Every structure is written in structure tokens, then in C-alpha cells.
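Peer 1: Sequence and predicted structure are below.
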Amino acid sequence: MTRSNPVPSGPKKGRSPWMWVGLGCGLTVLLAFGGCVALMGVIGQRAAQEIRKPLTQKETIAKLGDIPIYQPSTFNEPMTRGVRFGSSLFPGEMMTAAAFDTSAQPDQIIDWYQQRLTKKGFQTLPQQPSFATNTRVATFRKGSESIIVQIEDAKRGEQKHTLILMRMKRPNSKPGS
């Protein structure tokens, strides 16, 4: 004897809501990962553009404005290219930086900048501890403008230290305001 009608199995079971939660979370993680990859691509492209741009000592020093350059020192083009990439992450002319090699001692350089920048109306901010044992940092502020003087052990040549000067200002502000 054969049955022609199937036996009803009861109400159809729905899918678990946890499956939809899992799919939603998986999609969110995938989109976040894709966004991070895209952001890294944009940053990498900007870095490549910055490194290819011509770099002259005269132009770089001009962008620093009236920040005095410690002497004796020599312009460090490779390091300036590196810090210039970092400053390119800020829109417009919010940050500019340059690097110089010198044989002077870090305390001597910091004191020199403290004297000159104080005369220009800058206030010396308290020194923050540095994670690198071979780096000294001094920060000066006047209005919306900050100057960072960073000295670290030189990584090349006969010079003992590399001096990195960074000038930053808030957007839509003029130096000293």
C-alpha cells in the first residue's frame, strides 16, 4: 500500500536569529577591514607623492619661517623627507618640519632654542618624558602656534645628533595668534 499524500510535519521552523547576527557581524568586520586597507593605500600613495616631490634646503627653511636654525648644523635631506611625509598628513600648512645634523650636545641645543624662542614670545612647555632614551624634546607655544625641537642620536655620518624642528599651527590661524 502506498500513500499518495505526505504526512504533515507540523509548522515550518524559522532560521535562528543568531545566524543573522553572525552574518551581520561578519559583514561589519569585512567592511572595516576593507576600509583599513583602503586608508593604508591612500596614506601610502600620499607618502610616495611626498617622497618624489623636489626638496630644497632653501624652500624647507623658508617654510619654517622665523625659527632660528642652530649652528653649526647641516641640512639632513633624507630625514627631512621622512618628517615631511609626517607633516603631509596634516591638511594645508598646519605643520612643517626639517632635520639637521650637528655635533652639539642636546642640552646645549635646547638651551639655545629656549633663549631665542622666549625672546620671540614663546612659552616653554613642561618637558614630557620620552619613550626613546636617545631622544630629547622641547616644546614651545605662542598662541595657536607650537614649535617642537627634537634631538636624537644621529643614525649616519660623523655627526653626533640629529635636530628635528617642527612648526605647527591650528587651521585658519596666523603665526603668533
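Peer 2: Ah, there it is. Because the structure is a prediction, the values reported are computed rather than measured.
Peer 1: On the three-state scheme, Asp101 is what?
Peer 2: For Asp101, the assignment made with DSSP: H, G, I helix; E, B strand; the rest coil gives strand.
Peer 1: Just give the number of residues close to it.
Peer 2: 20 (other C-beta atoms under 10 Å). Every residue, glycine included, has its C-beta placed from N, CA and C.
Peer 1: Surely it touches Glu77?
Peer 2: No. Taking contacts as C-beta atoms under 8 Å, Asp101 lies outside contact range of Glu77: 10.4 Å.
Peer 1: Please tell me how far the residue nearest to Asp66 when sequence neighbours are not counted sits from Leu27.
Peer 2: Leaving aside its chain neighbours, Asp66 sits nearest to Lys120 (7.0 Å; criterion: C-beta to C-beta, 6 or more residues apart in numbering). Separation of Lys120 from Leu27 (C-beta to C-beta, to the nearest Å): 55 Å.
Peer 1: Between those two, tell me which one has more neighbours.
Peer 2: Neighbour comparison, Lys120 and Leu27: the larger count goes to Lys120, with 13 against 10 (by other C-beta under 10 Å).
Peer 1: which stretches of this protein form helices?
Peer 2: With DSSP state H, the ranges of helices along the chain come out as 17-52, 57-63, 77-88, 106-119.
Peer 1: hey, which of these is tucked in deepest?
Peer 2: Stretch with highest mean neighbour count among the helices of the chain: helix 77-88 (a mean of 17; mean count of other C-beta atoms under 10 Å).
Peer 1: Quick check: mean pLDDT of it?
Peer 2: Taken as a whole, helix 77-88 has an average pLDDT of 75.
Peer 1: For this protein, give me the ranges with low pLDDT.
Peer 2: Residues of the chain that meet the criterion pLDDT under 70 lie in 1-13, 43, 46-52, 85-93, 128-133, 155-159, 171-177.
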